[in-house]
Structures are given as C-alpha cells and as structure tokens.
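Chemist: quick one, fold the following:
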Amino acid sequence: MLFNSHIFIFAFLPFTWLIYFYLNKSRLTEMAKAFLLLASLFFYGWWNIKFLPIILLSILFNYAVGVSFANNKEKHKISDRLLLSVGIVFNVSLLAYFKYVDFFIENINNVLGSEIGQLHLILPLAISFFTFQQIAYLVDSYKRKTRETNFLNYAVFIAFFPQLIAGPIVHRQDMMPQFSSLKNKIVNYKNVILGLIIFSIGLFKKVVLADSFAIIANNGFSHADMLNFFQAWITSFSYTFQLYFDFSGYVDMAIGAALLFNIKLPLNFNSPYKAVNIQDFWRRWHITLSSFLRNYIYIPLGGNRRGKNAMYLNIIATFIIGGAWHGAGWTFIFWGLLHGLALVTYHIWSQLQFKMNIVVAQVATFLFVNITWVFFRAEEWHDAINILKSMFQVENLGLVFTPELLFILLGFVITSLFINSNQIISLLRSRNRINKHIILSFSLLFAVALIFIQNGSVFLYYEF
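Modeler: Here you go, the predicted model:
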C-alpha cells in the first residue's frame, strides 16, 4: 500500500486512526497497540503477502536475542558478544540472501565464465530498513542502552507503518516511551492538524513535483546515448530533483501520519541541497541512515582512533557499505566510493585550513552531488558514462528554451530558497492556534495533489 494512494488516504489511515483512539479511549490500551500492530502488518502485506513471514521471522528472532541479553545478565550462560554476533550474522545473512545473492552469482559468472543460474529473488519490501533498525536494537541491547521484554511493544516498534517501509531508522528508547505516554493515548487535535498539513506537503512533493521530474529523468536515462550537452544536464538535474522531492515527500508523509497518532519521528531530511560541503550534505540527507553508518559501522571499524590514514580508510569503507546498502550493483558501490573520497578530501581541505566563499561552496557541493546521482540512477554502467560524457561535451550544446528548463529552475528555487517542512512544523507549533487561512491553503495543496495521484507511483526508496 502506498502513502500516495486513495485507499491509504481515504480508507486505511482514517480507519486505523479511529479504531486506535477508540480502543485507547475505552482503556483497552494493549488491545489498541495490538490493533496498531495488525494494521501495520496488513499495510505491509498489502504489497505482497508472501513477504509477511519474512518480517515476522525477523521480528521474532531479534526479539528473542534481545530478551536473551537481559536473561544472560542474570544467568551468564552465553557470552554477550557471541549473542550479538549471532544476531548480526542472522540479519546480514537475511539481507544478503535476498538483496545480493544474484549480484554475487552474476559477478562469479563474469569472472570465471561459469553459467551458475541466478535465483531471481524478489527483494522483500523494507528489508534494508527493518534489518538495520534491528541491528541497531541488538547493539543497543548489548550495550545495555535499552531493554524490551514485551513482544507486543517490540513488534510495534519495528512494524509501525509510517516508518516501516523507508524509515527513518528509529531506536527503541526513542519510540516506545511515546507509545506508553498517557497523554499520547488521547486525540491531540493540534497534532492532527499539523500531521495533515505536513502529510499534504509531502503528498504534493511526491505526486506533483517528484513524479513530474520523473518523466523528464526517465526519458533522458532511457536515451542515454543520444543526449546532447543541454539534454544531459536537464536529465541529471531532473533526477536530482526527483529524488529530492520523492524522498522528502515520503519523509513528510511519514512524519505527518505518525503525528496523527501523537508519535514524533526523528528528523531525517533537512534541506540537503543547501549544504555547503559534503559533510554538511550527509548531516542533512537521510539523517538516520547517516547516524547508523557512523555509529554502527564507522566507529566499530575504528573511527578516527587509529590515526588519519586509518580514519580515511574507515570513511571510504563506510560509504562503500552505504552504497551497497542502497542497491546490489557496481554503480551504487562506485557512488558510495565517490562520496567517501569526497569526504576524505573535505577533511584534508579543512586540515589545511582552506576557505571557500559560501555560495561557491554550496554550488560546488550541489554539482558534485548532482554528478554522482547519475551513477546512483543509471541501470547500467555505460548509461552513466554516456550521460556524463554528454554533460561535458561543450561543443554539442543543443541549447534551447523548453518547459523542462522552467521546471528545473523551479526545483532550484524550492530547494535553495524555501523553508523546509521541519521549519514549518516549528513555526506552526509556536502559534497558539492555527488559523483558518493556513488550513485553507494546505487544503488547497492537498486537493491539487489528489488530482495528480497516479496509481502505482512507487517511492524511490521503496526499491532500497
């Protein structure tokens, strides 16, 4: 089920909201939580019911390991480190089997000239996200930062539908106290209005902006070997803005939907195209993934504790893993490598105390990100190379004024000059009341978005 579908907006979401708060009002709080879990699993299974056993197995296994940490503290039967290793190996193996096994087989065949048959596995929805979230939970449990002995609480923490499919990657200690809070079991109409406003902004971003940019980008990438200089840049910019509005739209809708239930999800997207360097970009783009990579990969690898050269290698290794997490393909791995090298370059640049004009720095960062997105988007290596060649073949300009150019300019204006959804939430929260003009404005935005809804317009991060 998609956030940007009529059945979600007009059936699933209001029905789930009504029943959840009705049960809470009736003081059936555990039943309300159980209903929310069942609704979330229904939401997940709507996509493909065959994936339900996989997420249920993952939840059961990781819950059992988490409980074992608590029991082990008292009985000391098994080494905590062994328990953690078993848990991580299980999660990584589950992800690797579905996401990378065909990629490995393909490369073995290419290197050895063998003809091992691929399994052609369908990637279970959200497996990358719920796997990383549960690895974080196991590590936090191992470090005694969190503890969960109630299976229902743990299952809701993992499966809560607003953040299940594409994040943010959340921590148990940040989420479950919100579900336990008595004030959150009562309808908060300010949160309802705020949630609907932010959800409407996200829906507009997705169905009006992202899906429109997608038409231009898809057309360009499907003719990668035929583009001139102007068309190549339009294609790359279109995908850059498609990905921005697609993911930003999803994040807004997730935050908005969660707010309806009085749950505040962590900040996950903060105007990344306003970044003035590559480190700043990764502090703004998919913030919870960046935090996971830093806390659970970069730091365990050694971080910056073993000297500069080791730190640089750890940065590059972390970003290669981050690239591979996004997709099983050499273009994703190379994209991660480029960002790792860029961050190493930024560290060296900073140590040499070089300075750059802030506007120049922002433009340079954006152009680097835009160029590397070409590898992220291209289905084949040669497609990326063809587009990049055209982008730097100045003699083949083909410059004409087109409607696409106006749309690109609109993308620049919105991403560079407008305030983001987080700032809108802060502004609206600071008001004693949200006046009717604001509600009317966002109702209009919502109405326009409804007109543009296309069935089957999947969020890009669903693929990862």
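Chemist: where's Asn110 relative to Phe375, distance?
Modeler: 19 Å (C-beta to C-beta, to the nearest Å). Yep, even glycine has a C-beta here, placed from its N, CA and C like the rest.
Chemist: what about those two, which has more around it?
Modeler: With neighbours defined as other C-beta atoms under 10 Å, Asn110 and Phe375 compare such that Phe375 has more, 24 against 9.
Chemist: which SSE is the more buried one in?
Modeler: helix 358-377 (DSSP states H and E).
Chemist: next helix or strand past that helix?
Modeler: Downstream of helix 358-377 (by DSSP H and E), the next one is helix 381-391.
Chemist: for the particular helix or strand that has Thr331 in it, packing partners?
Modeler: If you go by DSSP H and E, Thr331 is part of helix 330-351. The contact analysis (3 or more C-beta pairs under 8 Å, 6 or more residues apart in numbering; DSSP states H and E) places helix 330-351 against helix 278-282, helix 308-326, helix 358-377, helix 381-391.
Chemist: could you check the angle the longest one makes with helix 381-391?
Modeler: Compare the direction of helix 358-377 with that of helix 381-391 by axes from the mean of the first three to the mean of the last three C-alpha atoms, to 10 degrees and you get 150 degrees.
Chemist: where does pLDDT dip in this structure?
Modeler: In the predicted model, the chain carries pLDDT under 70 at residues 72-77, 395-401, 455-456, 464.
Chemist: one more time with 80, if that's ok
Modeler: For the chain, the stretches with pLDDT under 80 are 1, 70-78, 167, 394-402, 431-442, 445, 450-452, 454-457, 459-464.
Chemist: ok so, going back, quick one: list the elements packing against the helix holding Phe375.
Modeler: helix 229-260, helix 278-282, helix 330-351, helix 381-391.
Chemist: make a markdown table from these and add distance to Leu182 and mean neighbour count to it.
Modeler: Listed next are these as a markdown table, based on distance: least, C-beta to C-beta, whole Å; neighbours: other C-beta atoms under 10 Å:
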| stretch | distance to Leu182 | mean neighbour count |
| --- | --- | --- |
| helix 229-260 | 18 | 25 |
| helix 278-282 | 38 | 20 |
| helix 330-351 | 44 | 18 |
| helix 381-391 | 53 | 18 |
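Chemist: so can I have TSV of these showing distance to Tyr312?
Modeler: Formatted as TSV, the helices and strands packed on helix 358-377 follow (distance: least, C-beta to C-beta, whole Å):
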stretch	distance to Tyr312
helix 229-260	27
helix 278-282	14
helix 330-351	5
helix 381-391	25
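Chemist: the host helix or strand of Leu13 - contacts with which helices or strands?
Modeler: For Leu13, the element it lies in under DSSP H and E is helix 13-25. In terms of contacts (3+ C-beta pairs under 8 Å, 6+ apart), helix 13-25 is packed against helix 29-47, helix 229-260.
Chemist: three-state assignment of the closest residue to Arg283 other than its chain neighbours?
Modeler: Among residues not flanking Arg283 along the chain, Ser290 sits closest, at 6.8 Å (C-beta to C-beta, 6 or more residues apart in numbering). Assigned with DSSP: H, G, I helix; E, B strand; the rest coil, Ser290 falls in the helix class.
Chemist: isn't Ser290 up against Phe281?
Modeler: No. Counting by C-beta atoms under 8 Å, Phe281 is not a contact partner of Ser290; they are 9.4 Å apart.
Chemist: quick check: the nearest residue to Gly323 once chain neighbours are set aside vs Trp349, distance?
Modeler: Once flanking residues are discounted, Gly323 sits nearest to Gly336: 2.1 Å by C-beta to C-beta, 6+ apart. To Trp349, Gly336 is 20 Å away according to C-beta to C-beta.
Chemist: nothing else from me, thank you.
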